[in-house]
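*Asks:* Based on what follows, work out the 3D shape:
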Amino acid sequence: MSQKKLKVLVVTQYFWPENMRVNDLVRDFVEKGHEVTVLTGWPNYPEGTVFQDFKDNPGRFANYEGAEVVRVPLVPRGKRAIQLVLNYLSFLVCASVLGAFKLRRRRFDAVFVYAVSPILSAIPAVVIGRLKRAPVFVWVLDLWPETLRAVNVIHSPKLLGLVGKVVSWIYNRTDYLLLQSHGFFDNVRRYCTKPIDDERLVYFPSWAEDDFSAKTVEPSALIERDESVFTVVFAGNVGEAQDFPAILDAAEALRGTVAVRWVIVGDGRMSGWLEEQVRSRSLDNVLLLGRHPLEAMPPLFAQADALLVSLRTNDVFEKTIPGKVQAYLASGRPVLGMINGEAARVIEASGAGFACESGSGTGLATITGRLAALPAEQRQQMGEAGRRYYEQEFAKPALLTRLEQLFSNATLRRSGR
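*Replies:* Predicted structure coming up:
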């Protein structure tokens, strides 16, 4: 525990019972002896409707592992684009106004923002930080507005420019910007129109949930171990950005030459297309298991010979490290990456596996065959190397201790000590 008990406000549009990495941060800070308050919305991610358990008994969700949870209403995400826009805007307004009112006469040593998309969720934190005269820390996990362009949400240069002005407004009024990737620094600096010193820009990567670091796991209920085939597991969002056409090309290329089964866990916008393609191409070596809870992943990963991460290439995605990379490394299994940029660098630097060019089904088939041909002992050594790299670079205890120190130092600086 640090010398001083801190009062921390965490602002996040997404929080428990939604499955988010910020849940770990809140729980662990409470365990360290700090007083943590969470300002969040009604739980509705990813289904897009408010969780029934919450509607039945909101009081059950007012405390999480000793942290007080202050909730404000919002428009659920729904399934249409207009609802998603209203979801973002309703949290921004309700958290800034109603949230600030609910937190009146409360003092905080630090305000921390879990800034996954949308970055707009940082605006209530900036407002409350000014009212409370508390330093604001924004954990930048996505690059806006570039991500909107990269995923084809916004094409208009004028609209992208307007979003860029909002991002600049947020960055210039934030005390510390915590960046999840080394590749973020130059981009973030472009939106800091006021001079910003390096002390305010802090490299702060993501970590894997605790379950993935466990040395022993229960048997998987999803698949059984099969020594006759090389099992590749993909877990996560089944969307356009993950480039499933190239993954299926790799599966088709290896069919009949290398005994590989491709296990895909998750769902998303491409799920229907993926099911149709697996049927029409008679890919009996591809298993689609649908979405399953987080706790089912470590046992599943333990049955895998390799874990797959893929992402289409563009100037934004190349700077990002998908959160699953840390989970894969922590699991101690070899990693295959059809990905460019920072994530490919991490895979290769860790010694945990092989990476090929993003979008290259041929390249993925090549590195999969190469990994499958290695002796099991060598693959085990690669998995262990990945786990060691994770402990050195991404281990949660060290990262949270560093964050705790940043909060303490900012508090002392504000007090002039």
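
*Asks:* would you list every one of the strands in this structure?
*Replies:* Under the criterion DSSP state E, the chain carries strands at the ranges 7-11, 35-41, 63-64, 67-72, 110-115, 136-140, 176-179, 201-203, 230-235, 260-265, 286-290, 306-310, 335-338, 353-356.

*Asks:* on contacts alone, who are the packing partners of the second one?
*Replies:* Okay, so that is strand 35-41. With contacts defined as 3 or more Cβ pairs under 8 Å, 6 or more residues apart in numbering; DSSP states H and E, strand 35-41 has these neighbours: strand 7-11, helix 21-31, strand 67-72, helix 81-94. C-beta coordinates here come from the backbone N, C-alpha and C atoms, glycine included.

*Asks:* Name the residues of the third one that come out as buried.
*Replies:* Translated: strand 67-72. When burial is assessed from 16 or more other Cβ atoms under 10 Å, strand 67-72 yields the following buried residues: 67, 69-72.

*Asks:* repeat for stretch 334-342
*Replies:* 334-342.

*Asks:* Also stretch 388-408?
*Replies:* 389-390, 393-396, 399-400, 403-404, 406-408.

*Asks:* between the strands of the chain, which gets nearest to residue 323?
*Replies:* When the strands of the chain are compared by Cβ to Cβ, strand 306-310 sits nearest residue 323, at 9.9 Å.

*Asks:* Among the buried residues of stretch 334-342, find me the one that's closest to residue 375.
*Replies:* residue 334 (12.1 Å).

*Asks:* For residue 381, find the nearest of the helices and strands packed on strand 35-41.
*Replies:* Minimum separation from residue 381 across the helices and strands packed on strand 35-41 (Cβ to Cβ) falls at helix 21-31, 28.7 Å.

*Asks:* and that closest one, how far out from the chain's middle?
*Replies:* Remark: helix 21-31 is offset 15 Å from the chain centroid, using Cα atoms, centre = their mean, to the nearest Å.

*Asks:* What lies in contact with it?
*Replies:* Here helix 21-31 makes contact (Cβ atoms under 8 Å, 6 or more residues apart in numbering) with 6, 8, 10, 12, 14-16, 36, 38, 64-67, 112, 114, 206-207, 209-210, 323, 396, 400, 403-404.

*Asks:* Check the offset of stretch 15-25 from the chain's centre.
*Replies:* That offset, for stretch 15-25, works out to 11 Å (Cα atoms, centre = their mean).

*Asks:* now the end-to-end length of it.
*Replies:* 11 Å (Cα to Cα, to the nearest Å).

*Asks:* again with stretch 175-191
*Replies:* Its start and end residues considered, stretch 175-191 measures 14 Å (Cα to Cα).

*Asks:* Please identify the buried residues of it?
*Replies:* Buried residues in stretch 175-191, counted by 16+ other Cβ under 10 Å: 175-181, 183-184, 187-188, 191.

*Asks:* Distance to residue 273 and mean pLDDT for the strands of the chain - can I get that in TSV?
*Replies:* Listed next are the strands of the chain as TSV, based on distance: least, Cβ to Cβ, whole Å; pLDDT from 0 to 100:
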stretch	distance to residue 273	mean pLDDT
strand 7-11	36	97
strand 35-41	31	98
strand 63-64	37	97
strand 67-72	36	98
strand 110-115	31	95
strand 136-140	32	96
strand 176-179	34	95
strand 201-203	37	93
strand 230-235	15	97
strand 260-265	12	96
strand 286-290	11	95
strand 306-310	15	97
strand 335-338	18	98
strand 353-356	23	97
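
*Asks:* so can I have a markdown table of those strands showing distance to residue 94?
*Replies:* Formatted as a markdown table, these follow (distance: least, Cβ to Cβ, whole Å):
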| stretch | distance to residue 94 |
| --- | --- |
| strand 7-11 | 12 |
| strand 35-41 | 7 |
| strand 63-64 | 20 |
| strand 67-72 | 4 |
| strand 110-115 | 16 |
| strand 136-140 | 19 |
| strand 176-179 | 25 |
| strand 201-203 | 29 |
| strand 230-235 | 33 |
| strand 260-265 | 34 |
| strand 286-290 | 33 |
| strand 306-310 | 35 |
| strand 335-338 | 40 |
| strand 353-356 | 43 |
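
*Asks:* Between these, which one is closest to residue 93.
*Replies:* Taking Cβ to Cβ, strand 67-72 is the member of those nearest to residue 93, at 9.0 Å.

*Asks:* Please state the offset of the closest one from the chain centre?
*Replies:* For strand 67-72, the distance to the chain centre is 22 Å (Cα atoms, centre = their mean).

*Asks:* Now do that strand and strand 35-41, the angle between them.
*Replies:* Per axes from the mean of the first three to the mean of the last three Cα atoms, to 10 degrees, the angle that strand 67-72 makes with strand 35-41 is 20 degrees.

*Asks:* just checking, what packs against strand 67-72?
*Replies:* If contacts are counted by 3+ Cβ pairs under 8 Å, 6+ apart, strand 67-72 sits against helix 21-31, strand 35-41.

*Asks:* please redo it, this time with the cut-off set to 6 Å
*Replies:* strand 35-41 (3 or more Cβ pairs under 6 Å, 6 or more residues apart in numbering; DSSP states H and E).

*Asks:* Parallel or antiparallel, list what pairs with the strand it packs on.
*Replies:* Looking at strand 35-41 with DSSP bridges, its partner strands are strand 7-11 (parallel), strand 67-72 (parallel).

*Asks:* so can I have TSV of the ones you listed showing distance to residue 227?
*Replies:* Converted to TSV, the strands paired with strand 35-41 look like this (distance: least, Cβ to Cβ, whole Å):
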stretch	distance to residue 227
strand 7-11	46
strand 67-72	45
